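>>> below is the sequence, then the predicted model.
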Amino acid sequence: MTDAAPSRRGEAAGVFAAFFLLSLASLAPSVTTGDAGEFAAAAAVLGVAHAPGYPLFILLAKAFGVLLPLGSWAYRTNLLSAVCGSAALALFSDALGRLGAGRAARLGAAAVLGLSPLWREQSAVVEVFALHLLMAALLLWLVAASGDRLLEPGPSAALGLAFGLGLGDHQTLALVLPALLLAARGRPGSLPRALACAGLGAAAGFSVNAVSPLRAAKSPPLDWDQATTLKSFWRLLSRKDYGSLALTTEGGQAAGPEALAGQAWRSLSGVAGQLGLLGSALAVLGAAGWRRAGLRLPAPAAWAWVLFAGPVFLMLGRPPYDAQTSGALERFHLLPLLGAGLFVAAGVELLSRASAWAGAAAALAACAALAPGAAAQTRRGDFLAQDYGRAILRELPPRATLVMDGGDDTFYSLAFLTFAEGLRPDATLYDRGGVVFHGAYGPDFPSLPHDAKEDRRRMVESEWAADGRLWYSTLNPGLLPGWESRPAGLLRRPVKPGSTVAEASALRATLNLPRAPTASRRYRDRALLAFVYYSRGVDALARRDVTAGASWLELAARTGADALWAAPAISYALAVSGYEATARRDWPAAERVYRAQLALDPGRADPALNLGVVLQDERRLPEADTAVREALRREPRLARAWETLGAVLWSEGRWSDCAEAYASAAALPGADPADAEWSRRAGARAGGAR
């Protein structure tokens, strides 16, 4: 038996209030890593965000920020996420009541969802996913509230309108369409007429996407794809740059049965991880005993919600398994998680029917198990992205031109600080792709082939460099041929080789370590922190402070151990520093950086070989022997390593071993023609010694 409607409404209000206060306590004070800076900036200037534009979120965030001007635009949009995430739980709870769930089931399931780590995180930062959950919960509520009237024109049109509007926030809402169709199965009424009404409502709601070209026509500061033509608008709307169905620009992975099964398991295990062990057990119980739980929703509809929004979605997108993709993928567990909440409610309902206390106790236990993880998702005191962007702006001299070569957190934090906060109006900012900031390479740049784009970039940037106003944010020191790319705090400055410029000390002088108390739990935060440490390291190495530089780079490697860019960039920086130290015969400095590279890069032979050369020059022959043999262990067919070992053994007077080393080198491709002669000479000395 269900509780009275007024009681349910009071419960829904209580759910909203409780989780809103919880979100408020963990709310981020500013922009965070990821897309937060972009969305906050787009809300402030009513811009067009990355594909597909997210017009519903942008409009709602703009209205919310204007009507409730509390703090910065980042804080206002963070607050909007708190409202949306809490409202989604309130709607979900009320929908469960309308579907026949008792108090323990509806409150317990809402609490389990609300305490899941992802729900907590997405309710504390500016992102589109809290609104996405609200629109999905609204669809479920409309189905529950309509009951047997679902196929009548009014309810079906309302459902279509909410669906179309929701697509204007996040297009993955389309994945719940099979569940909605299955929810209508067996309801009295005309299905064709209902579909027609729902289609008209969806078209009306989907028309919110017209905001993107209308705003693009006004050239707002943030204007992805400049969608002023039908072709460019379709490119934006269809996410063509991302591959439409793909989740990453790199495209999908293998599509064999095992690979697809792996993606399905990836989704289901991700949802289970959010529910926790006890919450997952309740969901399994509810799925198995759905019919006996008595919820007035066809079981196929609940299953379709979970399976299409989760496993089927990942099987279509086939995202890679690297740490970067996996970190971004977590947010896509939220939509199937909401569907899994139906099964959690059914599980609690089954236990409640067996014993009034059993259901409540099980729900409380599941919530208690989730509480520590929920508390860990606080974003209070997280100023990492803001500190990072402000440090860059402090470093730029007056009227400088900054060109950003990749790095979403650079793009988005600076977009927020310049567009929404109005900082550094004297500086000119561009990105090399011309997607976030207005392009500087000509109106025909987007249509140029790749090589022509690179030529155009170099031509334009060379003019800026000649004026002395160009700065780069990049991991690539070779962006501008003919210019030396000198580390300068978080940035690089192109200068003519051999020229002298004033040293940039803004990073060391003004930037404390960025404030991100819980950064170690998030891939994007770890990667950005690692970049800050990396920048300190290369800046120190450029000043020949090798001890500090190597230490910072080692810290960067530990912090960003799973960051895709970190190991190659750090290894390269250490190798260059070692080469320069060797050239100036600074053996202690060379040894320091090569040992750091050796520990960081366990698969390559070069660090061990270079260390061996340095130790040989220092006449520390036993240590040199050990280092070179480590290089050979890593790469046995490296001729240079056998040659270096031969030289070390020659210096030690170990003639037989030396002859064998040079003979091994001579037998390999790329060997020095003189290796055979050195082997003969060592062999002759070995014979003479006998």
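Thanks, I have it. Numbers count the residues shown, from 1 in each chain.
>>> for the longest helix seen in the chain, buried residues please.
As assigned by DSSP state H, the longest helix anywhere in the chain is helix 257-288. Residues 260, 262-264, 266-268, 270-276, 278-287 are the ones in helix 257-288 that count as buried (16 or more other Cβ atoms under 10 Å). For the C-beta atoms, the positions are set from N, CA and C on the backbone; glycine is no exception.
>>> quick check: what element follows that helix along the chain?
Toward the C-terminus, helix 257-288 is succeeded by helix 290-293 as the next helix or strand (DSSP states H and E).
>>> packing partners of that next one?
Secondary-structure packing of helix 290-293 (3 or more Cβ pairs under 8 Å, 6 or more residues apart in numbering; DSSP states H and E): helix 299-307, helix 334-354.
>>> among these, which is nearest Gln377?
helix 334-354 (13.2 Å; Cβ to Cβ).
>>> list the buried residues for that closest one?
In helix 334-354, counting by 16+ other Cβ under 10 Å, buried: 334-353.
>>> got the angle for it vs helix 257-288?
Orientation check (axes from the mean of the first three to the mean of the last three Cα atoms, to 10 degrees): helix 334-354 against helix 257-288 gives 30 degrees.
>>> just want the angle from helix 334-354 to helix 299-307.
Interaxial angle, helix 334-354 versus helix 299-307 (the same axes, to 10 degrees): 140 degrees.
>>> and the longest helix of the chain, how far out from the chain middle?
22 Å (Cα atoms, centre = their mean, to the nearest Å).
>>> show the average pLDDT along it.
The average pLDDT within helix 257-288 is 96.
>>> ok so, going back, can you put the helices and strands packed on helix 290-293 in a markdown table and add distance to Thr401?
Listed next are the helices and strands packed on helix 290-293 as a markdown table, based on distance: least, Cβ to Cβ, whole Å:
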| stretch | distance to Thr401 |
| --- | --- |
| helix 299-307 | 50 |
| helix 334-354 | 40 |
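>>> what sits against Lys649?
Just so we're on the same page, residue 649 is Leu rather than Lys. Taking Cβ atoms under 8 Å, 6 or more residues apart in numbering, we find Leu649 in contact with Asp625, Trp655, Asp657, Cys658, Ala661, Ala682.
>>> neighbours of the second one, how many?
Spelled out, that is Trp655. 20 (other Cβ atoms under 10 Å).
>>> which residues touch it?
By Cβ under 8 Å, 6+ apart, the contact set of Trp655 is Leu649, Ala682, Gly683, Arg685, Ala686, Ala689.
>>> nearest to Tyr533 among the residues you listed?
Out of the contacts of Trp655, the member with the shortest distance to Tyr533 (by Cβ to Cβ) is Leu649, at 39.7 Å.
>>> can I take it that Val83 is in a helix?
Yes: counting by DSSP: H, G, I helix; E, B strand; the rest coil, Val83 is found in a helix.
>>> shouldn't it be in contact with Phe20?
Yes: between Val83 and Phe20 there is a contact under Cβ atoms under 8 Å: 6.7 Å.
>>> next, the nearest residue in space to Asp94 that is not next to it in sequence: phi, psi?
Nearest non-adjacent residue to Asp94, counting by Cβ to Cβ, 6 or more residues apart in numbering: Ala12, 4.3 Å away. Dihedral pair for Ala12: phi -60, psi -40, per degrees, to the nearest 10.
>>> with Tyr388 instead?
The phi/psi pair for Tyr388 (degrees, to the nearest 10) is phi -60, psi -50.
>>> now Ala162: how far from Leu134?
10 Å (Cβ to Cβ, to the nearest Å).
>>> are any of the contacts of Trp655 buried, and which?
Members of the contacts of Trp655 classed as buried by 16+ other Cβ under 10 Å are Leu649, Ala682, Gly683, Arg685, Ala686.
>>> which two in these are spaced the farthest apart?
Leu649 and Gly683 (12.2 Å).
>>> quick one, strands of this structure?
According to DSSP state E, the chain carries its strands in the segments 401-404, 428-431, 470-473, 484-488, 491-495.
>>> nearest to Thr547, out of the ones you listed?
strand 484-488 (16.5 Å).
>>> coming back round to it: in helices, which of the contacts of Leu649 appear?
Judged by DSSP H, those include Asp625, Trp655, Asp657, Cys658, Ala661, Ala682 as members of helices.
>>> of these, just say which sits nearest to Leu470.
Asp625 (47.6 Å).
>>> how is this structure carved up into domains?
Here the domain parsing of the chain from automatic domain parsing is 5-375, 384-510, 522-601.
>>> quick one: least confident helix or strand in this structure?
helix 506-510 (a mean of 49; mean pLDDT, DSSP states H and E).
>>> show me where the stretch 301-450 of the chain has its helices.
Along the stretch 301-450 of the chain, counting by DSSP state H, counting those that start in this stretch, helices occupy 313-317, 323-329, 334-354, 356-375, 384-395, 408-415, 450-466.
>>> make JSON lines from these and add mean pLDDT and distance to Gly478 to it.
Below are these laid out as JSON lines (pLDDT from 0 to 100; distance: least, Cβ to Cβ, whole Å):
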{"stretch": "helix 313-317", "mean pLDDT": "93", "distance to Gly478": "34"}
{"stretch": "helix 323-329", "mean pLDDT": "88", "distance to Gly478": "23"}
{"stretch": "helix 334-354", "mean pLDDT": "97", "distance to Gly478": "41"}
{"stretch": "helix 356-375", "mean pLDDT": "95", "distance to Gly478": "44"}
{"stretch": "helix 384-395", "mean pLDDT": "92", "distance to Gly478": "21"}
{"stretch": "helix 408-415", "mean pLDDT": "94", "distance to Gly478": "19"}
{"stretch": "helix 450-466", "mean pLDDT": "92", "distance to Gly478": "11"}
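>>> compare these and give me the one nearest Ala111.
Per Cβ to Cβ, nearest to Ala111 of the helices of the stretch 301-450 of the chain: helix 356-375, 4.9 Å.
>>> what are the buried residues along that closest one?
Residues of helix 356-375 classed as buried: Gly359, Ala360, Ala361, Ala362, Ala363, Ala365, Ala366, Cys367, Ala369, Leu370, Gly373, Ala374 (neighbour count, 16+ other Cβ under 10 Å).
>>> nearest to Arg149 among those residues?
Nearest member of the buried residues of helix 356-375 to Arg149, counting by Cβ to Cβ, is Gly359, at 29.7 Å.
>>> was I right to think the closest one contacts Ser352?
Yes: the pair Gly359 and Ser352 qualifies as a contact (Cβ under 8 Å) at a distance of 3.0 Å.
>>> quick check: pLDDT value at the nearest residue to Leu24 once chain neighbours are set aside.
Leaving aside its sequence neighbours, Leu24 sits nearest to Ala82 (Cβ to Cβ, 6+ apart; 6.0 Å). Ala82 is assigned a predicted lDDT (pLDDT) of 98.
>>> what about Ala82, neighbour count?
24.
>>> now Arg399
Residues near Arg399, counting by other Cβ under 10 Å: 11.
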